[in-house]
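*Asks:* Structure for the following, please:
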Amino acid sequence: MARILLVEDNEMNRDMLSRRLERRGHAVTCAVDGLQGIESARRENPDLILMDMSLPVMDGWEATRALKADPVTARIPVIALTAHAMAEDERRAREAGCDDFDTKPIELPRLLSKIEALLPKPGC
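*Replies:* Next up is the predicted model:
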């Protein structure tokens, strides 16, 4: 299916979500901070990035801005993942360049539909 980069510093969240995505056929690469996420995106060229917004070293907002400013990674869709569910948080994530926004705790069916909507369609 898709190659997904999961940028998440919480080990339990990272393990749970990556296993659930892999069971659905996705290949998942993980990064634990924003800087590592940028480096992994450039190296791995994933189909989609799931970006936690509260990260060490470089937060998800700054990492997303850097990814969207780089011609090598700008086309990769980014879904913001955050425990902050206010409208202001979604606005801020979209202004940083995120293509969609989802809240924690993750509801997998909802997240999967957002992933599906952003992945390139076969034959395109």
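*Asks:* Show the subsequent helix or strand relative to the top helix by length along the chain.
*Replies:* Using DSSP state H, we find that the single longest helix of the chain is helix 11-23. Next along the chain after helix 11-23, taking DSSP states H and E as the criterion, comes strand 27-31.
*Asks:* and that next one, what does it pack onto?
*Replies:* The contact analysis (3 or more Cβ pairs under 8 Å, 6 or more residues apart in numbering; DSSP states H and E) places strand 27-31 against strand 3-7, helix 11-23, helix 34-44. For glycine as for every other residue, the C-beta is placed from the backbone atoms N, C-alpha and C.
*Asks:* what about stretch 70-84, start to end distance?
*Replies:* 27 Å (Cα to Cα, to the nearest Å).
*Asks:* Give me the nearest residue to the spatially most central residue of the chain, chain neighbours excluded.
*Replies:* By Cα atoms, centre = their mean, the chain has its centre lying nearest to Leu50, at 1.3 Å. Spatial nearest neighbour of Leu50, excluding adjacent residues (Cβ to Cβ, 6 or more residues apart in numbering): Leu6 at 4.8 Å.
*Asks:* same deal with Met58?
*Replies:* Leaving out its chain neighbours, the residue that sits closest to Met58 by Cβ to Cβ, 6+ apart is Gly34, at 3.2 Å.
*Asks:* how many neighbours does that neighbour have?
*Replies:* Residues near Gly34, counting by other Cβ atoms under 10 Å, number 27.
*Asks:* Give me the buried positions along stretch 97-117.
*Replies:* Within stretch 97-117, the residues scored as buried using 16 or more other Cβ atoms under 10 Å are Gly97, Cys98, Asp99, Asp100, Phe101, Asp102, Thr103, Lys104, Ile106, Leu111, Lys114, Ile115.
*Asks:* Understood, closing this out.
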